[in-house]
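Peer 1: Below is the structure, and that's it, no one-letter string:
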Ligand code: NAD
Ligand code: WQD
(Lines give C-alpha, C1' and ligand atoms only; values in the text may rest on other atoms or scores of the structure.)
(Ligands and ions follow the chains in the order given, each with its own letter.)
Protein backbone atom coordinates (compact mmCIF):
# COMPACT_ATOMS: atom_id res chain seq x y z
CA UNK A 1 0.00 0.00 0.00
CA UNK A 2 1.26 3.50 -0.88
CA UNK A 3 1.80 5.46 2.40
CA UNK A 4 0.95 8.81 0.80
CA UNK A 5 -2.39 7.43 -0.41
CA UNK A 6 -3.12 6.15 3.10
CA UNK A 7 -2.21 9.56 4.56
CA UNK A 8 -4.53 11.25 2.04
CA UNK A 9 -7.30 8.83 3.06
CA UNK A 10 -6.96 9.47 6.79
CA UNK A 11 -7.01 13.26 6.19
CA UNK A 12 -10.10 13.08 3.99
CA UNK A 13 -13.77 13.80 4.51
CA UNK A 14 -16.08 11.39 2.73
CA UNK A 15 -19.75 11.92 1.89
CA UNK A 16 -21.50 8.56 2.30
CA UNK A 17 -25.04 8.29 0.90
CA UNK A 18 -27.25 5.44 2.10
CA UNK A 19 -25.06 5.45 5.23
CA UNK A 20 -27.64 3.86 7.53
CA UNK A 21 -28.17 0.86 5.24
CA UNK A 22 -26.56 -2.56 5.32
CA UNK A 23 -23.39 -1.81 3.35
CA UNK A 24 -23.29 1.91 4.24
CA UNK A 25 -23.26 1.26 8.01
CA UNK A 26 -20.30 -1.11 7.72
CA UNK A 27 -18.49 1.31 5.40
CA UNK A 28 -18.94 4.26 7.76
CA UNK A 29 -17.60 2.18 10.66
CA UNK A 30 -14.49 1.24 8.66
CA UNK A 31 -13.91 4.76 7.30
CA UNK A 32 -13.99 6.14 10.86
CA UNK A 33 -11.58 3.42 11.91
CA UNK A 34 -9.24 4.51 9.10
CA UNK A 35 -9.30 8.05 10.52
CA UNK A 36 -11.57 9.62 7.87
CA UNK A 37 -14.23 12.18 8.66
CA UNK A 38 -17.65 11.14 7.44
CA UNK A 39 -20.71 13.10 6.36
CA UNK A 40 -23.55 10.55 6.33
CA UNK A 41 -26.74 11.00 4.34
CA UNK A 42 -29.85 8.80 4.29
CA UNK A 43 -33.61 9.26 3.93
CA UNK A 44 -34.23 6.10 6.04
CA UNK A 45 -36.57 4.64 3.39
CA UNK A 46 -35.00 1.22 4.10
CA UNK A 47 -33.15 1.81 7.37
CA UNK A 48 -33.21 3.65 10.66
CA UNK A 49 -31.00 6.31 12.22
CA UNK A 50 -30.73 4.07 15.32
CA UNK A 51 -27.74 2.34 13.75
CA UNK A 52 -25.60 5.48 14.05
CA UNK A 53 -25.16 5.22 17.82
CA UNK A 54 -23.90 1.65 17.41
CA UNK A 55 -21.48 2.72 14.66
CA UNK A 56 -20.08 5.47 16.91
CA UNK A 57 -19.64 3.05 19.80
CA UNK A 58 -17.88 0.52 17.56
CA UNK A 59 -15.61 3.06 15.87
CA UNK A 60 -15.01 5.22 18.95
CA UNK A 61 -15.58 8.30 16.80
CA UNK A 62 -18.48 10.52 15.83
CA UNK A 63 -19.57 11.84 12.47
CA UNK A 64 -21.94 14.28 10.80
CA UNK A 65 -25.30 12.83 9.76
CA UNK A 66 -28.26 14.33 7.93
CA UNK A 67 -31.69 13.08 6.95
CA UNK A 68 -31.52 13.99 3.29
CA UNK A 69 -32.95 12.44 0.15
CA UNK A 70 -30.33 12.40 -2.60
CA UNK A 71 -32.98 13.70 -5.01
CA UNK A 72 -33.26 16.89 -2.91
CA UNK A 73 -30.68 19.19 -4.46
CA UNK A 74 -31.37 22.12 -2.11
CA UNK A 75 -30.76 19.95 0.98
CA UNK A 76 -27.61 18.43 -0.52
CA UNK A 77 -26.36 21.85 -1.58
CA UNK A 78 -26.87 23.19 1.96
CA UNK A 79 -25.08 20.22 3.49
CA UNK A 80 -22.09 20.54 1.16
CA UNK A 81 -21.92 24.28 1.85
CA UNK A 82 -21.56 23.45 5.54
CA UNK A 83 -19.11 20.54 5.13
CA UNK A 84 -16.30 20.42 2.59
CA UNK A 85 -15.91 16.84 1.33
CA UNK A 86 -13.14 15.25 -0.73
CA UNK A 87 -15.00 12.30 -2.24
CA UNK A 88 -18.34 10.52 -2.22
CA UNK A 89 -19.37 6.88 -1.87
CA UNK A 90 -22.89 6.53 -3.25
CA UNK A 91 -24.76 3.60 -1.72
CA UNK A 92 -28.25 5.17 -1.59
CA UNK A 93 -30.60 3.21 -3.84
CA UNK A 94 -33.63 0.95 -3.76
CA UNK A 95 -32.47 -2.64 -4.27
CA UNK A 96 -35.32 -5.14 -4.53
CA UNK A 97 -35.45 -6.86 -7.90
CA UNK A 98 -39.11 -7.94 -7.52
CA UNK A 99 -40.26 -4.53 -6.22
CA UNK A 100 -38.52 -2.83 -9.15
CA UNK A 101 -40.69 -4.82 -11.58
CA UNK A 102 -43.86 -3.73 -9.75
CA UNK A 103 -42.79 -0.08 -9.29
CA UNK A 104 -40.48 0.73 -12.23
CA UNK A 105 -40.91 4.51 -12.13
CA UNK A 106 -40.18 4.68 -8.41
CA UNK A 107 -36.93 2.77 -8.99
CA UNK A 108 -35.91 4.85 -11.99
CA UNK A 109 -36.68 8.08 -10.16
CA UNK A 110 -34.88 7.08 -6.96
CA UNK A 111 -31.83 5.35 -8.41
CA UNK A 112 -31.25 7.25 -11.65
CA UNK A 113 -32.82 10.58 -10.62
CA UNK A 114 -30.98 10.41 -7.29
CA UNK A 115 -27.64 9.78 -8.99
CA UNK A 116 -28.07 12.71 -11.41
CA UNK A 117 -29.04 15.15 -8.67
CA UNK A 118 -26.18 14.05 -6.48
CA UNK A 119 -23.64 14.40 -9.31
CA UNK A 120 -24.91 17.90 -10.15
CA UNK A 121 -24.51 19.09 -6.57
CA UNK A 122 -21.12 17.40 -6.15
CA UNK A 123 -19.82 19.11 -9.29
CA UNK A 124 -21.03 22.48 -8.02
CA UNK A 125 -18.95 21.92 -4.88
CA UNK A 126 -15.88 20.68 -6.76
CA UNK A 127 -16.16 17.08 -5.51
CA UNK A 128 -15.33 14.81 -8.41
CA UNK A 129 -14.04 11.62 -6.77
CA UNK A 130 -16.91 9.15 -6.77
CA UNK A 131 -17.42 5.50 -5.85
CA UNK A 132 -20.58 3.92 -7.25
CA UNK A 133 -22.38 0.82 -5.95
CA UNK A 134 -23.11 -1.33 -8.95
CA UNK A 135 -24.04 -4.98 -9.00
CA UNK A 136 -23.27 -8.28 -10.69
CA UNK A 137 -26.88 -8.10 -11.83
CA UNK A 138 -25.59 -5.97 -14.77
CA UNK A 139 -24.14 -9.20 -16.27
CA UNK A 140 -27.60 -10.82 -16.52
CA UNK A 141 -27.11 -14.51 -17.29
CA UNK A 142 -23.34 -14.62 -17.87
CA UNK A 143 -22.11 -16.51 -20.94
CA UNK A 144 -19.14 -17.84 -18.96
CA UNK A 145 -17.99 -17.94 -15.35
CA UNK A 146 -15.96 -16.59 -13.66
CA UNK A 147 -17.24 -13.30 -15.10
CA UNK A 148 -14.63 -10.67 -16.05
CA UNK A 149 -15.50 -6.96 -16.16
CA UNK A 150 -15.37 -7.01 -19.97
CA UNK A 151 -18.24 -9.53 -20.20
CA UNK A 152 -21.35 -8.37 -22.05
CA UNK A 153 -23.89 -6.45 -19.99
CA UNK A 154 -27.56 -7.24 -19.97
CA UNK A 155 -29.74 -6.17 -17.09
CA UNK A 156 -32.95 -8.18 -16.90
CA UNK A 157 -34.82 -6.33 -14.13
CA UNK A 158 -35.68 -2.63 -13.77
CA UNK A 159 -33.38 -2.59 -10.72
CA UNK A 160 -30.54 -3.96 -12.87
CA UNK A 161 -31.33 -1.41 -15.57
CA UNK A 162 -30.99 1.43 -13.03
CA UNK A 163 -27.48 0.17 -12.18
CA UNK A 164 -26.56 -0.13 -15.83
CA UNK A 165 -27.90 3.39 -16.53
CA UNK A 166 -25.89 4.65 -13.55
CA UNK A 167 -22.74 3.09 -14.99
CA UNK A 168 -23.44 4.62 -18.41
CA UNK A 169 -24.02 8.09 -16.95
CA UNK A 170 -20.72 7.87 -15.11
CA UNK A 171 -18.95 6.60 -18.24
CA UNK A 172 -20.13 9.69 -20.13
CA UNK A 173 -18.85 11.96 -17.38
CA UNK A 174 -15.42 10.37 -17.19
CA UNK A 175 -15.03 10.23 -20.99
CA UNK A 176 -15.39 13.98 -21.50
CA UNK A 177 -13.81 16.85 -19.57
CA UNK A 178 -15.17 20.21 -20.72
CA UNK A 179 -12.63 23.04 -20.78
CA UNK A 180 -11.89 24.64 -17.38
CA UNK A 181 -13.47 21.75 -15.50
CA UNK A 182 -11.86 19.23 -13.20
CA UNK A 183 -12.14 15.69 -14.55
CA UNK A 184 -14.43 13.24 -12.80
CA UNK A 185 -12.69 10.23 -11.34
CA UNK A 186 -15.02 7.36 -10.72
CA UNK A 187 -14.65 3.82 -9.43
CA UNK A 188 -17.64 1.64 -10.30
CA UNK A 189 -17.77 -1.42 -8.04
CA UNK A 190 -19.86 -4.39 -9.15
CA UNK A 191 -20.73 -6.33 -6.00
CA UNK A 192 -21.51 -10.01 -6.21
CA UNK A 193 -23.48 -11.31 -3.18
CA UNK A 194 -22.59 -9.39 -0.01
CA UNK A 195 -23.43 -11.35 3.16
CA UNK A 196 -22.44 -11.58 6.82
CA UNK A 197 -22.07 -8.83 9.36
CA UNK A 198 -19.53 -6.92 11.41
CA UNK A 199 -17.72 -9.47 13.62
CA UNK A 200 -18.85 -7.58 16.76
CA UNK A 201 -22.46 -8.60 16.03
CA UNK A 202 -23.45 -4.95 16.59
CA UNK A 203 -24.36 -4.07 13.01
CA UNK A 204 -25.64 -6.17 10.13
CA UNK A 205 -28.35 -6.50 7.52
CA UNK A 206 -31.82 -5.61 8.81
CA UNK A 207 -34.28 -6.33 6.00
CA UNK A 208 -37.87 -5.21 6.52
CA UNK A 209 -40.53 -7.95 6.24
CA UNK A 210 -39.73 -11.21 4.46
CA UNK A 211 -36.12 -11.00 3.23
CA UNK A 212 -35.46 -11.40 -0.51
CA UNK A 213 -31.88 -12.61 -0.12
CA UNK A 214 -30.69 -16.06 0.87
CA UNK A 215 -28.47 -15.42 3.93
CA UNK A 216 -31.00 -13.39 5.98
CA UNK A 217 -33.64 -16.05 5.16
CA UNK A 218 -31.33 -18.82 6.37
CA UNK A 219 -30.52 -16.92 9.59
CA UNK A 220 -34.19 -16.18 10.31
CA UNK A 221 -35.16 -19.83 9.80
CA UNK A 222 -32.30 -20.94 12.08
CA UNK A 223 -33.58 -18.48 14.72
CA UNK A 224 -37.08 -19.99 14.48
CA UNK A 225 -38.58 -16.75 13.10
CA UNK A 226 -39.72 -18.64 9.96
CA UNK A 227 -40.63 -22.32 9.80
CA UNK A 228 -38.46 -23.35 6.83
CA UNK A 229 -36.28 -22.15 4.00
CA UNK A 230 -37.54 -22.51 0.45
CA UNK A 231 -34.71 -23.53 -1.87
CA UNK A 232 -35.66 -22.23 -5.30
CA UNK A 233 -34.97 -25.16 -7.62
CA UNK A 234 -32.48 -28.06 -7.64
CA UNK A 235 -32.37 -29.01 -11.30
CA UNK A 236 -30.04 -26.27 -12.54
CA UNK A 237 -26.99 -27.39 -14.55
CA UNK A 238 -24.70 -27.00 -11.50
CA UNK A 239 -22.86 -29.66 -9.44
CA UNK A 240 -25.72 -30.17 -6.93
CA UNK A 241 -28.55 -28.70 -9.01
CA UNK A 242 -28.98 -25.54 -6.88
CA UNK A 243 -27.87 -22.09 -8.07
CA UNK A 244 -24.25 -21.01 -7.67
CA UNK A 245 -23.29 -17.51 -6.50
CA UNK A 246 -20.23 -15.62 -5.26
CA UNK A 247 -20.93 -14.74 -1.61
CA UNK A 248 -18.59 -12.08 -0.27
CA UNK A 249 -18.16 -11.06 3.37
CA UNK A 250 -19.37 -7.52 4.04
CA UNK A 251 -16.03 -6.63 5.68
CA UNK A 252 -14.14 -7.65 2.52
CA UNK A 253 -16.59 -5.67 0.40
CA UNK A 254 -16.03 -2.60 2.58
CA UNK A 255 -12.25 -3.06 2.36
CA UNK A 256 -12.69 -2.87 -1.43
CA UNK A 257 -14.32 0.56 -1.03
CA UNK A 258 -11.53 1.79 1.20
CA UNK A 259 -8.99 0.63 -1.41
CA UNK A 260 -11.00 2.39 -4.15
CA UNK A 261 -11.05 5.63 -2.16
CA UNK A 262 -7.30 5.42 -1.53
CA UNK A 263 -6.84 4.99 -5.28
CA UNK A 264 -9.01 8.04 -6.07
CA UNK A 265 -7.42 10.25 -3.42
CA UNK A 266 -4.03 9.30 -4.86
CA UNK A 267 -5.20 10.64 -8.27
CA UNK A 268 -5.83 7.14 -9.67
CA UNK A 269 -7.73 6.72 -12.94
CA UNK A 270 -11.40 5.82 -13.33
CA UNK A 271 -12.09 2.09 -13.10
CA UNK A 272 -14.84 -0.53 -13.16
CA UNK A 273 -14.16 -3.51 -10.91
CA UNK A 274 -15.78 -6.70 -9.72
CA UNK A 275 -15.87 -7.25 -5.95
CA UNK A 276 -16.24 -10.97 -5.38
CA UNK A 277 -14.23 -13.88 -4.02
CA UNK A 278 -13.94 -15.70 -7.35
CA UNK A 279 -15.50 -18.81 -5.77
CA UNK A 280 -18.86 -20.25 -6.70
CA UNK A 281 -21.01 -21.59 -3.83
CA UNK A 282 -24.30 -23.40 -4.26
CA UNK A 283 -27.42 -22.70 -2.19
CA UNK A 284 -27.17 -26.16 -0.65
CA UNK A 285 -23.49 -25.64 0.24
CA UNK A 286 -24.28 -22.35 1.96
CA UNK A 287 -27.13 -23.87 3.99
CA UNK A 288 -25.03 -26.86 5.01
CA UNK A 289 -22.05 -24.69 5.99
CA UNK A 290 -24.35 -22.46 8.05
CA UNK A 291 -25.75 -25.45 9.96
CA UNK A 292 -22.32 -26.95 10.51
CA UNK A 293 -20.38 -23.90 11.72
CA UNK A 294 -23.20 -22.62 13.91
CA UNK A 295 -24.51 -25.96 15.19
CA UNK A 296 -28.11 -25.05 14.32
CA UNK A 297 -30.79 -26.64 12.17
CA UNK A 298 -32.13 -24.94 9.05
CA UNK A 299 -35.13 -26.95 7.86
CA UNK A 300 -35.59 -26.52 4.13
CA UNK A 301 -37.72 -27.67 1.24
CA UNK A 302 -36.92 -27.54 -2.46
CA UNK A 303 -39.62 -25.57 -4.30
CA UNK A 304 -40.04 -24.31 -7.86
CA UNK A 305 -37.29 -22.10 -9.33
CA UNK A 306 -37.65 -18.34 -8.76
CA UNK A 307 -38.36 -16.36 -11.95
CA UNK A 308 -35.31 -14.51 -13.25
CA UNK A 309 -32.66 -16.54 -11.36
CA UNK A 310 -29.57 -17.52 -13.33
CA UNK A 311 -27.86 -20.88 -12.75
CA UNK A 312 -24.36 -19.58 -12.03
CA UNK A 313 -22.75 -16.22 -11.43
CA UNK A 314 -19.36 -15.73 -9.84
CA UNK A 315 -16.64 -13.16 -10.31
CA UNK A 316 -13.25 -13.00 -11.86
CA UNK A 317 -11.89 -10.61 -9.20
CA UNK A 318 -8.32 -10.48 -10.56
CA UNK A 319 -8.52 -6.89 -11.87
CA UNK A 320 -9.29 -5.48 -8.41
CA UNK A 321 -6.28 -7.32 -7.08
CA UNK A 322 -4.08 -6.07 -9.90
CA UNK A 323 -5.01 -2.40 -9.65
CA UNK A 324 -6.02 -1.94 -6.00
CA UNK A 325 -4.09 -4.79 -4.36
CA UNK A 326 -7.47 -5.86 -2.92
CA UNK A 327 -8.73 -9.39 -2.49
CA UNK A 328 -11.33 -11.06 -0.28
CA UNK A 329 -9.97 -12.87 2.79
CA UNK A 330 -13.03 -14.25 4.58
CA UNK A 331 -14.39 -17.68 3.72
CA UNK A 332 -17.93 -19.02 3.69
CA UNK A 333 -17.63 -20.25 7.31
CA UNK A 334 -16.74 -16.68 8.45
CA UNK A 335 -19.74 -15.32 6.53
CA UNK A 336 -22.12 -17.85 8.12
CA UNK A 337 -20.68 -17.33 11.62
CA UNK A 338 -20.94 -13.55 11.47
CA UNK A 339 -24.43 -13.62 9.94
CA UNK A 340 -25.57 -15.85 12.81
CA UNK A 341 -23.86 -13.73 15.50
CA UNK A 342 -25.73 -10.69 14.17
CA UNK A 343 -29.03 -12.60 13.99
CA UNK A 344 -28.62 -13.63 17.65
CA UNK A 345 -27.62 -10.19 18.93
CA UNK A 346 -29.55 -7.76 16.76
CA UNK A 347 -31.71 -5.20 18.55
CA UNK A 348 -35.33 -6.35 18.97
CA UNK A 349 -36.58 -3.34 17.01
CA UNK A 350 -34.81 -4.85 14.00
CA UNK A 351 -35.91 -8.44 14.53
P1 LIG B 1 -29.86 -0.89 1.95
O2 LIG B 1 -31.26 -0.76 1.49
O3 LIG B 1 -29.58 -1.56 3.23
O4 LIG B 1 -29.16 0.55 1.99
C5 LIG B 1 -29.47 1.58 1.08
C6 LIG B 1 -29.72 2.83 1.90
O7 LIG B 1 -30.02 3.90 1.03
C8 LIG B 1 -30.91 2.69 2.86
O9 LIG B 1 -30.50 3.09 4.15
C10 LIG B 1 -31.96 3.62 2.30
O11 LIG B 1 -32.76 4.20 3.31
C12 LIG B 1 -31.10 4.66 1.57
N13 LIG B 1 -31.76 5.34 0.46
C14 LIG B 1 -32.45 4.79 -0.58
N15 LIG B 1 -32.89 5.75 -1.40
C16 LIG B 1 -32.44 6.93 -0.91
C17 LIG B 1 -32.55 8.27 -1.30
N18 LIG B 1 -33.26 8.64 -2.40
N19 LIG B 1 -31.96 9.24 -0.57
C20 LIG B 1 -31.25 8.93 0.55
N21 LIG B 1 -31.13 7.66 0.99
C22 LIG B 1 -31.72 6.68 0.27
O23 LIG B 1 -29.04 -1.58 0.77
P24 LIG B 1 -27.53 -2.12 0.75
O25 LIG B 1 -27.58 -3.57 0.66
O26 LIG B 1 -26.75 -1.44 1.81
O27 LIG B 1 -27.09 -1.58 -0.68
C28 LIG B 1 -26.27 -0.44 -0.85
C29 LIG B 1 -26.00 -0.25 -2.32
O30 LIG B 1 -25.35 -1.41 -2.83
C31 LIG B 1 -27.23 -0.05 -3.19
O32 LIG B 1 -26.91 0.89 -4.19
C33 LIG B 1 -27.46 -1.42 -3.81
O34 LIG B 1 -28.14 -1.32 -5.03
C35 LIG B 1 -26.04 -1.89 -3.98
N36 LIG B 1 -25.90 -3.36 -4.03
C37 LIG B 1 -26.33 -4.11 -2.98
C38 LIG B 1 -26.19 -5.51 -3.02
C39 LIG B 1 -26.69 -6.36 -1.90
O40 LIG B 1 -26.88 -7.57 -2.13
N41 LIG B 1 -26.88 -5.85 -0.69
C42 LIG B 1 -25.60 -6.10 -4.15
C43 LIG B 1 -25.16 -5.30 -5.19
C44 LIG B 1 -25.31 -3.91 -5.12
C1 WQD C 1 -29.12 -16.24 -3.97
C2 WQD C 1 -29.52 -17.67 -4.34
C3 WQD C 1 -31.82 -17.92 -5.04
C4 WQD C 1 -33.67 -16.95 -1.22
C5 WQD C 1 -29.74 -10.60 -5.67
C6 WQD C 1 -29.96 -9.53 -6.70
C7 WQD C 1 -28.64 -8.93 -7.09
C8 WQD C 1 -27.86 -8.46 -5.86
C9 WQD C 1 -27.75 -9.51 -4.83
C10 WQD C 1 -28.34 -6.14 -5.52
C11 WQD C 1 -30.41 -17.72 -5.58
C12 WQD C 1 -31.54 -18.68 -3.76
C13 WQD C 1 -32.76 -17.19 -2.22
C14 WQD C 1 -34.43 -18.06 -0.72
C15 WQD C 1 -33.28 -19.51 -2.23
N16 WQD C 1 -28.50 -7.35 -5.21
N17 WQD C 1 -32.55 -18.44 -2.71
N18 WQD C 1 -34.18 -19.28 -1.24
O19 WQD C 1 -30.57 -13.45 -6.61
O20 WQD C 1 -28.07 -13.89 -6.56
O21 WQD C 1 -28.92 -11.61 -6.24
O22 WQD C 1 -29.05 -10.04 -4.53
O23 WQD C 1 -27.71 -5.69 -6.42
O24 WQD C 1 -28.95 -7.87 -7.93
O25 WQD C 1 -30.57 -10.12 -7.82
O26 WQD C 1 -29.25 -13.23 -4.45
O27 WQD C 1 -29.63 -13.83 -2.11
O28 WQD C 1 -31.64 -13.39 -3.59
O29 WQD C 1 -30.28 -15.43 -3.96
O30 WQD C 1 -33.12 -20.65 -2.66
O31 WQD C 1 -35.30 -17.89 0.15
O32 WQD C 1 -30.32 -18.19 -3.27
O33 WQD C 1 -32.61 -18.69 -5.89
O34 WQD C 1 -30.02 -18.84 -6.30
P35 WQD C 1 -29.26 -13.15 -6.07
P36 WQD C 1 -30.26 -13.93 -3.45
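Peer 2: Everything's here; your move. The structure displayed is predicted, hence computed values, not measured ones. Ligands and ions are numbered 1, 2, ... in the order given.
Peer 1: Show me the strands in the protein, by range?
Peer 2: Ranges of strands within the chain are 13-17, 37-42, 64-67, 87-90, 129-135, 185-191, 193-195, 229-232, 244-245, 247-249, 271-275, 281-282, 300-303, 312-313, based on DSSP state E.
Peer 1: okay, these in TSV with distance to ligand 1 next?
Peer 2: Every residue, glycine included, has its C-beta placed from N, CA and C. As requested, the strands of the chain are arranged in TSV below (distance: least, C-beta to the nearest ligand atom, whole Å):
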stretch	distance to ligand 1
strand 13-17	6
strand 37-42	5
strand 64-67	9
strand 87-90	7
strand 129-135	3
strand 185-191	4
strand 193-195	5
strand 229-232	16
strand 244-245	10
strand 247-249	9
strand 271-275	9
strand 281-282	15
strand 300-303	21
strand 312-313	12
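Peer 1: now those strands in CSV, with mean pLDDT and mean neighbour count?
Peer 2: Converted to CSV, the strands of the chain look like this (pLDDT from 0 to 100; neighbours: other C-beta atoms under 10 Å):
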stretch, mean pLDDT, mean neighbour count
strand 13-17, 98, 26
strand 37-42, 98, 24
strand 64-67, 98, 16
strand 87-90, 98, 26
strand 129-135, 98, 24
strand 185-191, 98, 23
strand 193-195, 98, 25
strand 229-232, 98, 18
strand 244-245, 98, 23
strand 247-249, 99, 26
strand 271-275, 98, 24
strand 281-282, 98, 20
strand 300-303, 98, 14
strand 312-313, 98, 22
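Peer 1: thought residue 59 was touching residue 36?
Peer 2: No: look at residue 59 against residue 36 with C-beta atoms under 8 Å: they stay out of range, at 10.2 Å.
Peer 1: Per-residue pLDDT of residue 351, please?
Peer 2: The score at residue 351 is 41. That number is its pLDDT.
Peer 1: Need the strands of the chain in a markdown table (columns: distance to residue 255).
Peer 2: Below are the strands of the chain laid out as a markdown table (distance: least, C-beta to C-beta, whole Å):
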| stretch | distance to residue 255 |
| --- | --- |
| strand 13-17 | 15 |
| strand 37-42 | 16 |
| strand 64-67 | 23 |
| strand 87-90 | 13 |
| strand 129-135 | 13 |
| strand 185-191 | 11 |
| strand 193-195 | 12 |
| strand 229-232 | 29 |
| strand 244-245 | 20 |
| strand 247-249 | 9 |
| strand 271-275 | 9 |
| strand 281-282 | 20 |
| strand 300-303 | 32 |
| strand 312-313 | 22 |
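Peer 1: Can you say which of the ones you listed is nearest to residue 215?
Peer 2: Taking C-beta to C-beta, strand 193-195 is the member of these nearest to residue 215, at 4.1 Å.
Peer 1: could you say what helices and strands that closest one packs with?
Peer 2: Judged by 3 or more C-beta pairs under 8 Å, 6 or more residues apart in numbering; DSSP states H and E, strand 193-195 is in contact with helix 214-222, strand 247-249, helix 250-265.
Peer 1: Partner strands of that strand and their direction?
Peer 2: Here strand 193-195 has these sheet partners by DSSP bridges: strand 247-249 (parallel).
Peer 1: does any bit of the strand it pairs with sit next to ligand 2?
Peer 2: No: contact of strand 247-249 with ligand 2 (C-beta under 6 Å from any ligand atom) is absent, the minimum separation being 8.4 Å.
Peer 1: how close does residue 124 sit to ligand 1?
Peer 2: Note on residue 124: its distance to ligand 1, by C-beta to the nearest ligand atom, to the nearest Å, is 18 Å.
Peer 1: what's the closest non-adjacent residue to that residue?
Peer 2: residue 77 (6.9 Å; C-beta to C-beta, 6 or more residues apart in numbering).
Peer 1: just residue 130 next, same as before
Peer 2: Once flanking residues are discounted, residue 130 sits nearest to residue 186: 4.7 Å by C-beta to C-beta, 6+ apart.
Peer 1: isn't that neighbour right up against residue 169?
Peer 2: No: contact criterion C-beta under 8 Å: residue 186 and residue 169 do not qualify, at 9.8 Å.
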